[in-house]
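[1] Got a predicted model here, sequence first, then my questions.
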Amino acid sequence: YTFKKFPQLAQWVKRQRYQFKLKSEGKHSTLTDRRQKILDDAEFVWDSHHALWEERFHELLEFKRQFGHCLVPSRHEPNPALAVWTKCQRRQYRLLQQGRQTNITDR
């Protein structure tokens with residue numbers, strides 16, 4: 001994400017995530033256990049890609065609840081981001097079915 005209203009905060013968040021990644025890999029990191037706990041207690045999102053995926057997935061569930069299916073039109077005006085995400089998910093699934101490289105994971 002880019003956060004135009006608070007670019008310094010966005011940069012700080014990016015650094016925290018990077019330091020967390022280093023720490024998780026057993027490399028030198030400035031993220032102390034104390035700082036990590038404080039951020040964990042504040043429900044800091046360490047994996048923004050996963051969080052965004054979850055957010056879109058819940059939007060898809062709401063779409064299904066509303067319309068009875070998951071066939072989000074490619075130009076879904078109420079939620080264009082859901083339309084783009086759904087299109088991407090379908091493309092990634094097709095790649096998986098073809099045995100090609102994909103971003104689909106087990107988690």
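    Yep, it's here. Numbers count the residues shown, from 1 in each chain.
[2] For the chain, give me the ranges with low pLDDT.
    For the chain, applying pLDDT under 70 flags the ranges 1-2, 106-107.
[3] What segments of it are helices?
    Ranges of helices in the chain, per DSSP state H, are 7-24, 33-41, 48-67, 80-97.
[4] what angle sits between the longest one and helix 7-24?
    Right, helix 48-67. With axes from the mean of the first three to the mean of the last three C-alpha atoms, to 10 degrees applied, the angle from helix 48-67 to helix 7-24 works out at 110 degrees.
[5] Remind me what helix 48-67 packs against, helices and strands.
    Packing contacts for helix 48-67, counted by 3 or more C-beta pairs under 8 Å, 6 or more residues apart in numbering; DSSP states H and E, involve helix 80-97. C-beta coordinates here come from the backbone N, C-alpha and C atoms, glycine included.
[6] Just the CA atoms of the helix it packs on, as PDB, please.
    Provided in PDB are the C-alpha atoms of helix 80-97 (Å, rounded to 0.1, in the frame of the first residue of the first chain):
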ATOM      1  CA  PRO A  80     -14.000  -2.500  -9.000                       C
ATOM      2  CA  ALA A  81     -11.200  -3.800  -6.800                       C
ATOM      3  CA  LEU A  82     -13.100  -7.000  -6.200                       C
ATOM      4  CA  ALA A  83     -13.600  -7.400  -9.900                       C
ATOM      5  CA  VAL A  84      -9.900  -7.000 -10.600                       C
ATOM      6  CA  TRP A  85      -9.000  -9.400  -7.700                       C
ATOM      7  CA  THR A  86     -11.500 -12.000  -8.900                       C
ATOM      8  CA  LYS A  87     -10.100 -11.800 -12.400                       C
ATOM      9  CA  CYS A  88      -6.600 -12.300 -11.000                       C
ATOM     10  CA  GLN A  89      -7.700 -15.300  -8.900                       C
ATOM     11  CA  ARG A  90      -9.200 -17.000 -12.000                       C
ATOM     12  CA  ARG A  91      -6.100 -16.400 -14.000                       C
ATOM     13  CA  GLN A  92      -3.900 -17.800 -11.300                       C
ATOM     14  CA  TYR A  93      -6.200 -20.800 -11.000                       C
ATOM     15  CA  ARG A  94      -6.000 -21.400 -14.800                       C
ATOM     16  CA  LEU A  95      -2.200 -21.300 -14.600                       C
ATOM     17  CA  LEU A  96      -2.200 -23.800 -11.800                       C
ATOM     18  CA  GLN A  97      -4.500 -26.100 -13.800                       C
END
